[in-house]
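Trainee: One predicted model, sequence on top.
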Amino acid sequence: MAAVRISSGSQRVHVVAEQRDDIEVEGDARVEVDGLRTTVDKARSRLTIRVPVGTDVVVGTTSGRVEIDGSIGAASVVTESGRIEIAEASSLDARTTSARVQVGAVAGRCRVRNKSGRVEIGACAGADVATKSGRIDLRRVTGDVEAHCVSGRIEVRLDTASDVDAETVSGRISVHLPEGCRPCRVDGPVAEAETPADCDCIVRAASVSGRVEVTPS
Amino acid sequence: MNPVSEAACTGAALFTDLVGFTAYTDSVGDAAAVGLLDRQTEIVGSVLQRDSAGRLVKELGDGLMIWFDSADAGLAGAVELMHAIEDARREGSFPLAVRMGLHHGEAIERGDDLVGQTINIAARVSALAGPGELLVSDDVMGACARAGDGLLASPIGPVSVKGVSAPVWLQRIDVA
């Protein structure tokens, strides 16, 4: 599978996945091709990179916004403050200090690390998200969830019965389980717990001072 | 004043950091927090004792800086240390997760300490890791003779480090 690696400082990076066989770079940057791997760096202008559908994409910027349209393979994005917007990926690893992370749908698992930016994922098959103050909003989740936040709010909406481990210090936690789901609430690590026969999933929602809501309870 | 000896060396710098140590100290008090640091020192000591290619350079608050003679030793040592800490967490003797960052290159020995860009970059790599994660630079993987041995690595992306002109490309090591 083709892979594209992109490095940019403050310049915006726009990746477009479309029906094509080659990779096209629009903008002023150095491009190196090594077999199936293309590296784009030393960007001196805003970049638009057109790739085949399903291409793995690795992007890093300092403050440049990262926007990915279409359906890509594995997405890895790291930025200090550039906003991250991804339409569709097979899996996701995103790391940022203060950027907002907005993702449409991820076929596999999402891993997001953020300090102060908000994290919104429209659909995914499981997630591992940690922020300091950024709000975490996970919707249409069909796999296990780990969500950790110090002061931001955590909201998880599950489409299928899955284990949830959500923890904040002061932020509110809302876990919405699918209709008819029978959760077992635990206080210890979810990974260590075994699901009892009369439960569909294990939920740990722990906050020192924030309100916790699990529905249906 | 005695002059400090200085010599160049090549190896791998590992930085570790306890996730949530400040909040932990706030909730359990200083004495218990110091106890946790002692436990960390004990775990690190037992790992490094088995591997003579690594040495604890210094403690940085709740973090540590460890130097290994080679990239291979650094990668193996970091993975072993992460396993030891995760084992202690499962046993209940270590309540916090640790994050780690590893970079390979040259450094200058200054007495017992080490300085240089390799050290600065390793510290930056560590800061990007999440709880229970080990991130390494491409330089580590490139310098490892046994980089692929039983380890799964996935790309993270390039990061900029203050004072370093080229971006540093990172990978996440699956230590599970």
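Mentor: Received, thanks. Please read all numbers here as calculations on a predicted model, not as lab measurements.
Trainee: How about residues contacting the helix or strand that contains A:I6?
Mentor: Element membership for A:I6 (DSSP states H and E) is strand A:3-8. Applying Cβ atoms under 8 Å, 6 or more residues apart in numbering or on different chains, the external contacts of strand A:3-8 come out as A:13, A:15, A:23, A:29, A:36-43, A:47, A:49, A:51, A:55-62, A:64, A:73, B:155, B:157-158, B:167, B:169. Every residue, glycine included, has its C-beta placed from N, CA and C.
Trainee: Equivalent analysis for stretch B:104-115, please.
Mentor: For stretch B:104-115, with Cβ under 8 Å, 6+ apart as the criterion, the contacting residues are B:4-13, B:57-58, B:65, B:67, B:71, B:74, B:116-119, B:121, B:137, B:139-140, B:142-143.
Trainee: How far away from the center of its chain is that stretch?
Mentor: 15 Å (Cα atoms, centre = their mean, to the nearest Å).
Trainee: Quick check: buried residues in that stretch?
Mentor: For stretch B:104-115, the neighbour count (16 or more other Cβ atoms under 10 Å in any protein chain shown) marks B:104-105, B:107, B:109, B:114 as buried.
Trainee: Low-confidence ranges, chain A, go.
Mentor: The model of chain A has pLDDT under 70 over residues A:1, A:188-189, A:191-193, A:217.
Trainee: Show me which residues of it sit near chain B.
Mentor: Within reach of chain B by Cβ under 8 Å from any Cβ of the partner chain, chain A has these residues: A:5, A:7, A:9, A:41, A:56, A:58-60, A:62, A:74, A:76-78, A:80, A:93, A:95, A:111, A:113, A:128, A:130, A:148, A:150, A:169, A:192, A:208.
Trainee: To what extent is the residue lying closest to A:R20 once chain neighbours are set aside buried, counted in neighbours?
Mentor: Distances taken as Cβ to Cβ, 6 or more residues apart in numbering or on different chains place A:P52 nearest to A:R20, at 5.5 Å, with adjacent residues excluded. Look at A:P52: counted by other Cβ atoms under 10 Å in any protein chain shown, it has 18 neighbours.
Trainee: Return the residues of chain B in contact with chain A.
Mentor: B:23, B:27, B:90, B:128, B:130-131, B:154-160, B:167, B:169-170, B:172.
Trainee: A:N114 against A:I84, yeah?
Mentor: No - when contacts are counted by Cβ atoms under 8 Å, A:N114 is not listed as touching A:I84 (9.3 Å).
Trainee: Touching both of these two, which residues are there?
Mentor: Common neighbours of A:N114 and A:I84 (Cβ under 8 Å, 6+ apart) are A:94, A:96, A:99, A:101.
Trainee: and those, which two are the farthest apart?
Mentor: Comparing every pair within these by Cβ to Cβ identifies A:A94 and A:A99 as the most remote, at 8.6 Å.
Trainee: Over to the nearest residue to A:P183 once chain neighbours are set aside. Which of the three states is it?
Mentor: With sequence-adjacent residues excluded and distances taken as Cβ to Cβ, 6+ apart, A:P183 is closest to A:V203, at 4.5 Å. Here A:V203 is recorded as strand under DSSP: H, G, I helix; E, B strand; the rest coil.
Trainee: Need the residues that contact stretch B:14-22.
Mentor: Under the contact criterion Cβ under 8 Å, 6+ apart, stretch B:14-22 has outside partners B:24, B:33, B:36, B:40, B:54, B:60-68, B:74, B:77-78, B:81, B:96-102, B:122-123, B:125-127, B:129-131.
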